[in-house]
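Chemist: predicted model and sequence below, questions to follow.
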2 protein chains.
Amino acid sequence: MVNSDRFLNSLHELRTFGASGVGKGVVRPAYSDEDIAAREWLIAKIEQAGLQAHVDPVGSVWGLAEGPSLLLGSHTDSQPEGGWLDGALGAMAALEVARSARENGGPAVSVVSFQDEEGRFGVTTGSTVWSGKMSLAEADMLTDKTWVTFAEARAKMAYLAGDFVDPKQFTGFIEMHIEQGPWLEKSGDAIGVVTDIVGIRDMRVTFTGEQNHAGTTPMHLRKDAFQALNDFASRINAGFADVVTPSTVWTIGHVSLHPNASSIVPGKVTFSMQWRDGDSKRLAQMENIIRDAASSVAEGRGMGLEYGPLLGLEPVAMDMRLRSALCDSANVATPGKWREMPSGALHDATNVAVHMPVAMLFVPSINGISHAFAEDTDEADLVTGLEVLAGAVARLSN
Amino acid sequence: MVNSDRFLNSLHELRTFGASGVGKGVVRPAYSDEDIAAREWLIAKIEQAGLQAHVDPVGSVWGLAEGPSLLLGSHTDSQPEGGWLDGALGAMAALEVARSARENGGPAVSVVSFQDEEGRFGVTTGSTVWSGKMSLAEADMLTDKTWVTFAEARAKMAYLAGDFVDPKQFTGFIEMHIEQGPWLEKSGDAIGVVTDIVGIRDMRVTFTGEQNHAGTTPMHLRKDAFQALNDFASRINAGFADVVTPSTVWTIGHVSLHPNASSIVPGKVTFSMQWRDGDSKRLAQMENIIRDAASSVAEGRGMGLEYGPLLGLEPVAMDMRLRSALCDSANVATPGKWREMPSGALHDATNVAVHMPVAMLFVPSINGISHAFAEDTDEADLVTGLEVLAGAVARLSN
């Protein structure tokens, strides 16, 4: 029912907007000239497909079917150094499924490309505002790394913008995306049907000890902030062992040591502690282990301990009906070569879930690479993904 | 024989040059207007004491006795945020001992205040050049943090400068200094007679893993540079246990994580590894443990490993004759309240040892603090230090 060549052609055509010249990479951050040109191109494609094109106040592009419809899509903005697929894949798959459905008298399918999923201004900014989690007034005060405000950026698309789209017209949302991880490639599967989008906890931790001369301060009298961090990291690695699953992850990705000089015993360290899991209870268990370990380290070493605010994004379970349709469709399209799996990354679907049932499917990422020019997926897998999505839509309309 | 009030008065007078206004702190970095004014003041004091004042090409100030003499001194430049004592103590004690010796027909004593001990341009720059470890031409190319060259800085004192002083006229060098550590205060001793100035090894180590998405990359597939550092630091802490003495120290004081973002598995870490001990063999044993641990971590995790150049400063043993004179003198001045100890910090004496026998004595640092406005020592301890120094000089001339 879908036209896989037309789908692939549209992906390659979209890739020309902001083509990096390095592999298939693209440079198409939200509200860049390339992003806006790509969104104008998408509007034309939507109109050609017979859908009603619409741009909302933040620049998310919609293609609306009449009456109640299933919503498909993702985002067409990219990371500052991004791949050609990422969100573009889900947007082009949505376009192809909606277009084919109209051509073949299929079900009503609407499409969306959310704006600023990649977080030039925040995290999944366009769908966050549409979900109501953040007001437009709040979002307008967000700034990018060069202090451009969200208000200034979205004004560049004001000539296209209408009102926000009423979510009540949609019966559900399915987002196709690249996996951005290595699981599917490792298991040899072509499709991942997402069970849930994992929750995230993220906080800054600071140990304050005593800055001292690295020559004259004996080891037993030091209050060395680096050694405290080392102790802490070892304790949580050990403490998590009995609690985590193979898909649980935790990361100390940011470390700021003070004064950060080779001849000075560091007096202070601030570091990021981030952990992700699909189960809120496990996230809470891990938080307890983290706080216990940090307290033990601080007490044992006579050091100060401070926590920054805890950023918490709850896990989002995929809707069983939509998810079953994807599983059934995958079973037909690629029997024995698909699996169910959590999503370790955030997606627009997290926000859309505020309004309606959501589901997601993944295709493999070669070498697990994403957010880089080297991001890629075998075209056969892209087509399989399209077919699984189309099959699920057909099943849901029966 | 010495005049302790005159000694303390000269210390307080010197403190007015660059007084920070915070406690007794001073801001008198090498070649600052305050440093040069203090050196001109010192020249006048030297002339009043009946010594021949002399400034060498790098701005070290000398007070020369006729014929062969014992050299005493330290440095009068300070850290950017320094204490009133540090090197000033040794310079003023030298001045008082030399002055008293002349007044009382005592032995020939010369004095020196080396320039840039605190390393605006390097490390112990003035005495390094005088020792011949670095040529003046090489030193002239050194720059400070604002890219001023050593050549430009020392030109500010050119109107005072003569030739380098011939070291052959000196029979030995004794440097009095604050301890800059907590040992004397903890043990309740007033004087530390230095056994040796510890050697230093310092190198940068880099682990290169794989930068990845912190949500989608499972733990068992990560090559996380922070976790490699954590593993390494734990291994060397364990490995050193059987090798070190209570005065051995090691420090990871600088850590640079890349890209240093909470949502990205760090792909690279560069950190400083510094270790100090009075025994060259132990320094080599520790180096082996460090390299073995780093190799094991890199191999076990499939990561890259690179070392920067190894900075090596050999331990310097104090001269037994000078050291014995200090011990004998301490035994009289403060019986049962002195100890022998290594110096964990570098001093000008390290360089002077190239030319002649050297020794050092320490007075306690309150709370072990140095290189800070809060640096201080009880005045009774300062006077005890002066008396021990004077007593040692008297013994050596018998």
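Modeler: That came in fine, so what should we check first?

Chemist: can you give me the helices in chain A?
Modeler: Secondary structure of chain A by DSSP state H: the helices cover A:4-15, A:33-48, A:86-103, A:125-131, A:136-140, A:150-155, A:183-187, A:225-240, A:280-301, A:320-333, A:348-352, A:379-397.

Chemist: for those helices, give me TSV that also has mean pLDDT, distance to residue A:257 and mean neighbour count.
Modeler: All C-beta atoms are positioned from the backbone trio N, CA, C, and that covers glycine. TSV is the format used below for the helices of chain A (pLDDT from 0 to 100; distance: least, C-beta to C-beta, whole Å; neighbours: other C-beta atoms under 10 Å in any protein chain shown):
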stretch	mean pLDDT	distance to residue A:257	mean neighbour count
helix A:4-15	98	41	17
helix A:33-48	98	37	18
helix A:86-103	97	34	26
helix A:125-131	96	32	26
helix A:136-140	95	34	15
helix A:150-155	97	33	20
helix A:183-187	95	34	18
helix A:225-240	98	6	21
helix A:280-301	98	15	17
helix A:320-333	98	45	20
helix A:348-352	96	34	26
helix A:379-397	97	43	22
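
Chemist: among those helices, which comes closest to chain B?
Modeler: Among these, helix A:225-240 comes nearest to chain B, with 4.5 Å by C-beta to the nearest C-beta.

Chemist: now that closest one: how far from the chain's centre is it?
Modeler: In terms of C-alpha atoms, centre = their mean, to the nearest Å, the centre of helix A:225-240 is set 29 Å apart from its chain centre.

Chemist: one more: stretch A:253-262?
Modeler: Averaging C-alpha positions (C-alpha atoms, centre = their mean) puts stretch A:253-262 29 Å from its chain's average.

Chemist: what's the span of that stretch, first residue to last?
Modeler: Stretch A:253-262 has an end-to-end distance of 21 Å (C-alpha to C-alpha, to the nearest Å).

Chemist: contacts for that stretch next, please.
Modeler: Residues outside stretch A:253-262 that contact it (C-beta atoms under 8 Å, 6 or more residues apart in numbering or on different chains): A:211, A:214, A:225-226, A:229, A:266-272, A:274, B:202, B:214, B:226, B:251, B:253-257, B:260-266, B:272, B:274.

Chemist: how about TSV for the helices of chain A, with distance to chain B added?
Modeler: Formatted as TSV, those follow (distance: least, C-beta to the nearest C-beta, whole Å):
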stretch	distance to chain B
helix A:4-15	21
helix A:33-48	22
helix A:86-103	11
helix A:125-131	16
helix A:136-140	20
helix A:150-155	20
helix A:183-187	7
helix A:225-240	5
helix A:280-301	13
helix A:320-333	19
helix A:348-352	12
helix A:379-397	16
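
Chemist: TSV for those, including distance to residue B:36?
Modeler: Below are these laid out as TSV (distance: least, C-beta to C-beta, whole Å):
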stretch	distance to residue B:36
helix A:4-15	65
helix A:33-48	57
helix A:86-103	62
helix A:125-131	57
helix A:136-140	56
helix A:150-155	52
helix A:183-187	67
helix A:225-240	37
helix A:280-301	44
helix A:320-333	78
helix A:348-352	65
helix A:379-397	73
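
Chemist: for residue B:311, which of the ones you listed is the nearest?
Modeler: helix A:225-240 (19.3 Å; C-beta to C-beta).

Chemist: helices or strands next to that closest one in the packing?
Modeler: The contact analysis (3 or more C-beta pairs under 8 Å, 6 or more residues apart in numbering or on different chains; DSSP states H and E) places helix A:225-240 against strand A:199-208, strand A:255-258, strand A:268-277, helix A:280-301, helix B:225-240.

Chemist: mind putting these in CSV, distance to residue B:331 included?
Modeler: Formatted as CSV, the helices and strands packed on helix A:225-240 follow (distance: least, C-beta to C-beta, whole Å):
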stretch, distance to residue B:331
strand A:199-208, 42
strand A:255-258, 43
strand A:268-277, 43
helix A:280-301, 38
helix B:225-240, 35
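
Chemist: just so I know, which of these lies nearest residue A:152?
Modeler: For residue A:152, the closest of the helices and strands packed on helix A:225-240 is strand A:199-208, at 27.5 Å, according to C-beta to C-beta.

Chemist: so what strands line up beside the closest one?
Modeler: strand A:268-277 (antiparallel), strand A:304-307 (antiparallel), strand A:311-313 (antiparallel) (DSSP bridges).

Chemist: just the C-alphas of stretch A:344-354, formatted as PDB.
Modeler: C-alpha atoms of stretch A:344-354 as PDB (Å, rounded to 0.1, in the frame of the first residue of the first chain):
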ATOM      1  CA  GLY A 344      16.400   5.200  26.600                       C
ATOM      2  CA  ALA A 345      16.100   8.500  24.800                       C
ATOM      3  CA  LEU A 346      13.400  11.100  25.100                       C
ATOM      4  CA  HIS A 347      11.000  11.700  22.200                       C
ATOM      5  CA  ASP A 348       8.100  14.000  21.300                       C
ATOM      6  CA  ALA A 349       5.900  11.000  22.100                       C
ATOM      7  CA  THR A 350       6.600  11.700  25.800                       C
ATOM      8  CA  ASN A 351       4.800  15.000  25.500                       C
ATOM      9  CA  VAL A 352       2.100  13.900  23.100                       C
ATOM     10  CA  ALA A 353       1.100  11.200  25.700                       C
ATOM     11  CA  VAL A 354      -0.400  14.100  27.700                       C
END
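
Chemist: before I go, just wanted to say thanks for your time.
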